[in-house]
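>>> Okay, here's the prediction I keep looking at, along with the sequence it came from:
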Amino acid sequence: MALTPGQYYIRFCKTATVFLLGFFVTVQSAHAQNPATIDPNAPNIPILPTPTQMPPAQLYNVLKDNNPPGSKKTGDDNNKALKDRIEKDSLVKETTPQSMNPTEETYGMHLFRSGVVASITELSTPPLDYPIGVYDQIIVSLWNGAEATLDYTVARDGSIFPASIGKIYLQGLTFENVRSLLTQRFKAYVPPTTNISVSLGQPRTISVNVAGEVKNQGPVTVSAFTNAFNVIALAGGPTDMANLREIQIKRNGRVIDVLDVYKYLTTGDFGKHIYLENNDFVILLPAEKKVKAEGRFKRPMFYQLKKDEGMKALLRYSGGLQNDAFSSGVKVYRTELEKQIIKDVNATAIINPTQSKQLRDQDFELNDGDIVKVIAINPGLINKVEMKGEVSYPGQYEIRKGDKLFDLINRAGGITRNTYLPRAYIFRGGGDSTNIKASKVEVNLSGITTNDTASIYNVELFPNDQVLLFSANQFADRQYVEIFGEVRKEGRVYKYGGMTLQDLIYLSGGLKQSAEYGRVEISSVVDVDSAKGMQQPTRTVLKTIRISPNLEIDSVSSQIVLRPYDQIYIRKNPTFELQQLVQINGLVQYSGPYPRLSKYERLSSYIERAGGLKENADLSGAILYRKKTQYYRDNVTNKVASLTDSIGSIVLDSAQKKLSEVAKEPVSIDLYRALKYKNSKYDIILQEGDVVFIPEINPFVNVEGNVQSPLKLTYDKEHSNVGYYVDKAGGYGIRPWRRRIFVTYANGKSKRTFNLFFIHFYPRVKEGSTIHVPVRPEGAEVTDAVVQVALSSIPIAVAAFIAKIIQ
């Protein structure tokens, strides 16, 4: 039957009513289950018809935080408050004195005394289970389709208020839920390609109370991220008697969590991850059981134990014992009934996991104040034998059951070619330095050459035995021969069997040219003639061999077998000499080196060979430079040759050259008389290395010393007295010592003033002379006055004596 228009209208109204009722019920249910909905008291915000088409430039104005400024704190406010509080707490902590010696610190205290508190407030990504609360800063970042960074702070009512979205209640939600919720809400207002990131900016600050055994009790302002350990550190850390095994967290008068520092340090388990809230309490109680681990623990220090924990727990927390610990003899020092006692504990079963389950389950109960001490085992190997002496690899070796002498020798690489076989020693217990009753066993190793393992000397070895094998060389002196004279390398040469005279000459570099027509002398030591049955002194015999012109000795003599300690002398040809040079320098016609024609050639001969003197040669200034004495050369010059050339050969060569120059000394000669009276005492014989220097005539006279103006003056032949030249120099100075005036001539000679009473006879001045006027020292006036008075009294005394004779 067809419906009338009125019936259609009634049916439509019923259907619409049912739809609307269902819609409102659904909305109300969703609001009751999730507070993150639009607040009914929010202002009426017009709904945009096409939000996804909104230009990116308008996003900030549409989605900005619309909560009133007074209902929230900015991130900077939170940051400043937290920073001020942390700086204050850090200052208090640093000025707190440490009462315990750091070397005896309780295990776990270092966690709070490191001086560093993690800056959790700057974490970019909070934990997913972090509960969002009032004053937390939420940052929403948009990029790609839309570009914006939006900053929201949770207001006192627990919400944020994006302008176009409306209030969204976040308090109590985890960060994971907040991130999912905001991502969904913002997707409706940005282009589809936009990436959305939700992060936590500056977390809120809370005030937590710290009580009990801490350095600074009271409230501490920290970040909401901060855990109880950070709070304790900011409060200055625990005191020495604080209980680190049971840190209580109280909220509203009820203990909501208990933290164990040792559990965290050994397993990394922090326990329940409870976030602190405003007005929470962190309480540290006094320690219940504290013991001290000493000796060979890996971490010897104080440890806190729970009531039901004993030796096992102590070993676990201390890292166990060191590998040289005497674990079966652990000592526990304890106080019981006002008396101190000691307990012996065998910790081997606790440490060794290979023991039976029954032994592993055993434990030793420890009391408060116990001192557990573990000593080290006695040093020294118990299963070793020592091989010493002439084997390839001497040292310590493991001794095995049934090992014998030949076994050990083979493991040591065997004997060497110098091993002395007739006698070796085994010292029983000789490897133990504390054993004063070691015995010896004598063995003969000759059987080892034939691998005679069944030999009676192949004795069994025991722990701490010491085997000593001798070297044959130690029973004989090292024999040698010596060679001296005209060979290229003198000295001692170690003798080998069958060494001949020719062998020794070859080993010494051969004969020098100066040995031609020379001779060889062999000095040998003759042994005692034991056949006569009596002691006779050793004596030396000498054998002489001539050297041919070709520097060879006869075939028979060259094959002479040398005896130990022979001394061979290669004598020089007495007529052989290399060229010897004399240097003639200066004003001669042909200066330079001249070879000596004979050992007795004189000075005048060299001058003649040099072409004679030049016109302006100064004969009186001629001087000879001669090598210094042999003593000087041995003790000064020759030392340079033994220096290690650590700087370089150029420096060393220059040093030798300089010393060779210094090694020459000037010798005064009279060249004028040498040329005038040849073969006389003035015409001296020159030696090898002599240098004769003939200078040019010097027409000047030097005046030096205590004169008014020291200077160089032209020599005047008509004036050879000192006073003339001193006057030219302005006269004497303030304190001239006239008695000591001397003149140095061109050839190096000097002549002093001759004094007779008050009369001074000054030396004669010549060309090239130097006049020296010394300064009179302090006190010399008195001495001179006494001398003058004494001298002046002599004529008077003589006159009186003559008068008396006349009378």
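Nice, I can see it.

>>> Pretty sure residue 177 sits in a helix.
Yes: assignment of residue 177 by DSSP: H, G, I helix; E, B strand; the rest coil places it within a helix.

>>> and it, how many residues sit next to it?
Counted with other Cβ atoms under 10 Å, the neighbours of residue 177 add up to 17. Just so you know, the C-beta spots here come from the backbone N, C-alpha and C atoms, and that holds for glycine as well.

>>> How about residue 717?
The number of residues packed near residue 717 is 7, by other Cβ under 10 Å.

>>> cool, and residue 125?
Neighbours of residue 125 (other Cβ under 10 Å): 9.

>>> same deal with the one 10 residues further on?
When neighbours are counted by other Cβ under 10 Å, residue 135 registers 21.

>>> Okay, now the unreliable bits of the chain?
1-64, 66, 68-104, 114-124, 353-361, 436-437, 447-454, 526-542, 629-663, 780-807 (pLDDT under 70).

>>> Got the domain ranges for it?
Structural domains annotated on the chain: 28-195, 289-374, 384-475, 480-571, 611-694, 700-776, as defined by automatic domain parsing.

>>> And those: which comes nearest residue 244?
domain 28-195 (4.5 Å; Cβ to Cβ).

>>> rewinding a little: now the domains of the chain as a markdown table including distance to residue 209?
Conversion of the domains of the chain to a markdown table gives the following (distance: least, Cβ to Cβ, whole Å):
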| stretch | distance to residue 209 |
| --- | --- |
| domain 28-195 | 13 |
| domain 289-374 | 23 |
| domain 384-475 | 64 |
| domain 480-571 | 92 |
| domain 611-694 | 75 |
| domain 700-776 | 96 |
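
>>> Any idea which of those gets closest to residue 257?
Taking the domains of the chain one by one with Cβ to Cβ, domain 28-195 is closest: 14.6 Å.

>>> Next, the closest residue to residue 137 other than its chain neighbours: phi, psi?
Among residues not flanking residue 137 along the chain, residue 201 sits closest, at 3.4 Å (Cβ to Cβ, 6 or more residues apart in numbering). Main-chain dihedrals, residue 201, degrees, to the nearest 10: phi -80, psi -100.

>>> count of residues packed around residue 201?
By other Cβ under 10 Å, 16 other residues sit near residue 201.

>>> What residues does it make contact with?
By Cβ atoms under 8 Å, 6 or more residues apart in numbering, the residues touching residue 201 are 75, 137, 138, 139, 151.

>>> And residue 489, by the same measure?
507, 508, 509.

>>> isn't the last one right up against residue 487?
Yes: here residue 509 reaches residue 487: they are 6.0 Å apart, a contact under Cβ atoms under 8 Å.

>>> Those two: which is more packed in?
Neighbour count, other Cβ under 10 Å: between residue 509 and residue 487, residue 487 has more, with 20 against 12.

>>> Quick check: bridge partners of the more buried one?
Beta-bridge partners recorded for residue 487 (DSSP bridges): residue 511.

>>> Am I right that it is in contact with residue 514?
No: the criterion here is Cβ under 8 Å, and residue 487 misses it with residue 514 at 10.4 Å.

>>> give the contact list for the nearest residue to residue 325 once chain neighbours are set aside.
Distances taken as Cβ to Cβ, 6+ apart put residue 296 closest to residue 325, at 3.7 Å, once the chain neighbours are dropped. Listed by Cβ under 8 Å, 6+ apart, the contact set of residue 296 reads 321, 322, 324, 325, 326, 374, 375, 376.

>>> Which member of these is positioned nearest residue 492?
Of these, the one sitting nearest to residue 492 (Cβ to Cβ) turns out to be residue 324, at 52.8 Å.

>>> How many residues are close by that closest one?
Neighbour count for residue 324, taken as other Cβ under 10 Å: 12.

>>> One more: residue 545?
Residue 545 sits with 18 neighbouring residues when counted by other Cβ under 10 Å.

>>> Let me see the contact set for residue 127.
With contact set as Cβ under 8 Å, 6+ apart, residue 127 has these partners: 175, 273.

>>> how near is it to residue 469?
74 Å (Cβ to Cβ, to the nearest Å).

>>> mind checking the backbone torsions on residue 350?
phi -70, psi -40.

>>> doesn't residue 311 make contact with it?
Yes: judged on Cβ under 8 Å, residue 350 makes contact with residue 311 at a distance of 6.0 Å.

>>> residues bridging contact with these two, i.e. touching both?
Joint contacts of residue 350 and residue 311 (Cβ under 8 Å, 6+ apart) are 363, 364.

>>> Between these two, which is the more surrounded one?
residue 350 (25 against 22).

>>> Next, the contact list for that one, please.
So residue 350 contacts 311, 312, 315, 360, 362, 363, 364 (Cβ under 8 Å, 6+ apart).

>>> is residue 703 in a bridge, and if so with what?
Going by DSSP bridges, residue 703 forms beta bridges with residue 711, residue 771.

>>> That one - how many residues pack around it?
Residue 703, neighbours per other Cβ under 10 Å, totals 24.

>>> show me what contacts it?
710, 711, 712, 713, 725, 726, 728, 729, 770, 771, 773.

>>> close enough to count as contact, residue 725 and residue 719?
Yes: counting by Cβ under 8 Å, residue 725 does reach residue 719; the two are 7.5 Å apart.

>>> of these two, who's got more company?
residue 725 (23 against 15).

>>> Check the secondary structure at that one for me.
Secondary structure state of residue 725, per three-state DSSP, is helix.

>>> Next up, phi/psi of the closest residue to residue 186 other than its chain neighbours, please.
Nearest residue to residue 186, sequence neighbours excluded (Cβ to Cβ, 6+ apart): residue 196, at 5.4 Å. Dihedral angles phi and psi of residue 196 (degrees, to the nearest 10) take the values phi -120, psi 130.
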